[in-house]
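1. sequence plus the predicted model coming up.
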Amino acid sequence: MTTDIERSIQKSYHKKLWTPFIQAIKTYELIQEGDRIAVCISGGKDSWLMAKLMQMLHRITEVPFSVTYLSMNPGYNEANRQKILDNAELFGIPLQMFETNIFDVANEVPTGSPCYLCARMRRGALYAKAGELGCNKIALGHHFDDVIETTVMAMFYGAQLQAMIPKLHSTNFEGMELIRPLYCIHEEDICRWRDANGLEFLQCACRFTEAIDESGDGIGESKRQEIKHLIATLKKGNPGIDQSIFHSLHQVNIDTFPGYKSGGVKHSFLEKYDEPTQKG
């Protein structure tokens with residue numbers, strides 16, 4: 001099955017998966033010689049595809065780097081934990097799994113959703129474990145759709161224009177960098193590849209979302225899902241709208257904004273408004 005999965009990437013989905021993967025690696029300079037990369041596998045479709053793409057690249061690259069395939073168990077039930085281990089065998093991935101009690105801690109939050117706390121704790125645990133293993137980078141499975149949805153969410157619900165960049169330095173773990181190798185890959189293409197290979201992956205699989213799903217009260221509909229549905233609706237009338245959002249992130253014209261923030265410092269267009277304008 002491992003060879004079938006790889007063959008599908010090399011043949012049927014080369015243009016949709018492998019090409020944009022390599023495009024992101026090269027365009028955003030995500031991997032340098034000597035990097036020690038922790039490929040973080042949550043158990044979902046995105047992280048498993050990323051793991052396989054990184055494994056395939058590692059075999060053929062002319063830029064030597066090392067890779068560790070890392071999965072954290074935040075407190076999955078035994079069936080979900082075993083699913084990750086089974087997929088590791090299916091994919092031919094030498095997975096290292098480490099245990100935490102993050103779900104227990106997050107579910108003790110007295111009010112509101114524990115998801116934000118859970119996400120922060122999981123990220124921190126991954127950084128810490130990667131550092132312990134001697135890695136200088138962690139790779140996460142955020143894809144093209146995550147990028148544009150984050151941008152629209154920030155504008156609609158955060159009252160700011162903010163994007164998800166392809167890589168960034170950690171502010172809490174010195175010397176550690178986060179990279180996003182799936183940055184240019186569309187989620188619909190990941191889904192097609194998954195379905196074509198008959199693959200099954202985890203969703204969130206935490207106790208909180210399991211309880212929501214069983215209640216049937218609909219409160220599990222997140223803001224991200226609202227934005228995902230909105231973009232899908234807009235694409236019916238303008239099929240290229242997602243690409244437009246993505247490309248706009250690479251073509252920001254600061255001169256047309258009344259205000260912006262850089263390095264944590266707020267700026268106003270008035271600061272340079274009366275400066276002489278050079279005309280060509």
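-> Looks like it came in fine. Residues are numbered from 1 along each chain as shown.
2. phi and psi next, for the residue nearest to residue 235 when sequence neighbours are not counted.
-> Excluding its sequence neighbours, the residue lying closest to residue 235 (C-beta to C-beta, 6 or more residues apart in numbering) is residue 241, at 5.6 Å. To be clear about C-beta, it is placed using only N, CA and C from the backbone, and glycine gets the same treatment. According to degrees, to the nearest 10, the main-chain angles of residue 241 amount to phi -70, psi -30.
3. my read: residue 241 touches residue 231, true?
-> Yes: between residue 241 and residue 231 a contact is recorded at 6.9 Å, counting by C-beta atoms under 8 Å.
4. could you measure from the spatially closest residue to residue 234 that is not a sequence neighbour over to residue 17?
-> Spatial nearest neighbour of residue 234, excluding adjacent residues (C-beta to C-beta, 6+ apart): residue 241 at 5.0 Å. For residue 241, the distance to residue 17 equals 22 Å [C-beta to C-beta, to the nearest Å].
5. same question for residue 187.
-> From residue 187 over to residue 17 the distance is 12 Å, taken as C-beta to C-beta.
6. same deal with residue 44?
-> Residue 44 sits 16 Å away from residue 17, going by C-beta to C-beta.
7. what about the two, which has more around it?
-> A direct count of neighbours by other C-beta atoms under 10 Å for residue 44 and residue 17 places residue 17 higher, at 23 against 18.
8. tell me who's in contact with the more buried one.
-> 9, 49, 53, 185, 189, 190, 193 (C-beta atoms under 8 Å, 6 or more residues apart in numbering).
9. tell me which of the residues you listed fall in helices.
-> 9, 49, 53, 189, 190, 193 (DSSP state H).
10. the last one and residue 10 touch, don't they?
-> No: under the criterion of C-beta under 8 Å, residue 193 lies out of contact with residue 10, with a separation of 11.7 Å.
11. more neighbours: the two, which one.
-> Set residue 193 next to residue 10 and count neighbours by other C-beta under 10 Å: residue 193 wins out with 21 against 12.
12. ok, for that one, nearest residue in space, not its chain neighbours?
-> residue 13 (4.9 Å).
13. can I assume residue 131 is in contact with residue 173?
-> Yes: contact criterion C-beta under 8 Å: residue 131 and residue 173 qualify, at 5.9 Å.
14. spatially central residue for the chain, please.
-> residue 142 (1.6 Å; C-alpha atoms, centre = their mean).
15. and the nearest residue to it once chain neighbours are set aside, how many neighbours does it have?
-> Closest residue to residue 142 apart from its sequence neighbours, by C-beta to C-beta, 6+ apart: residue 180 at 4.6 Å. Counted with other C-beta under 10 Å, the neighbours of residue 180 add up to 24.
16. show the contacting residues for residue 180.
-> So residue 180 contacts 24, 30, 139, 140, 141, 142, 164, 166, 167 (C-beta under 8 Å, 6+ apart).
17. once you drop chain neighbours, what's closest to the fifth one?
-> With C-beta to C-beta, 6+ apart as the measure, residue 46 is the residue that lies nearest to residue 141, at 3.5 Å, once sequence neighbours are left out.
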